[in-house]
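Novice: Need a 3D model of the following:
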Amino acid sequence: MKQRVNLYQAAPEVYKIMSQFGVYTRTMGFSDTLIELIKIRASQLNGCAYCLDMHTKDARAYGETEQRIYLLSAWREAPFYTEEERAVLALTEAVTLVSENGVPDAVYEEVRKHFDEKQYVDLVAVMVAINGWNRFSIAVNNIPGSYKPGDFK
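Specialist: Residues are numbered from 1 along each chain as shown. A predicted model of the protein is given here:
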């Protein structure tokens, strides 16, 4: 495997905008572990090895457990996630796979039991950001393995 393009070198303006979007998502007031669960689940669905490598490492650095990381792809069957996290994971799946069923009303309503309108939009912004990064990473063939937690804070 070989990286096709270095996004930062080829288009530093795009990289900067995407990075600023990512920085903004850290100011929304959500826990670092919730943000990482969103990023891991979206990256699983998108098949982005580079982002999975990065965000599983970051999640562990923020205190997330191995068990919860390993079972994230089967979160519906695992008892380790809160109702709030389950609502967010369902939304993550709906937003990531939006062309399949949109975002069903039931998913929206479940999220709104735990979050206000602004927080709902902010959660979707986290999902939009990671889905964008997944697509860039897959398109440029970023190679997983070298990332160290906190490299891109």
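Novice: and the spatially most central residue of the chain, what element?
Specialist: Residue closest to the mean C-alpha point of the chain, counted by Cα atoms, centre = their mean, is K39 at 1.5 Å. K39 is part of helix 32-46, with elements assigned from DSSP states H and E.
Novice: Would you pull up how far the following helix or strand past that helix lies from the middle of the chain?
Specialist: Going down the chain from helix 32-46, the next helix or strand is helix 49-61, by DSSP H and E. Counting by Cα atoms, centre = their mean, to the nearest Å, helix 49-61 is centred 10 Å from the centre of its parent chain.
Novice: how big is the angle separating helix 49-61 from helix 32-46?
Specialist: Helix 49-61 runs at 160 degrees relative to helix 32-46, counting by axes from the mean of the first three to the mean of the last three Cα atoms, to 10 degrees.
Novice: Show me what counts as buried in helix 49-61.
Specialist: 49-59 (16 or more other Cβ atoms under 10 Å). Just so you know, the C-beta spots here come from the backbone N, C-alpha and C atoms, and that holds for glycine as well.
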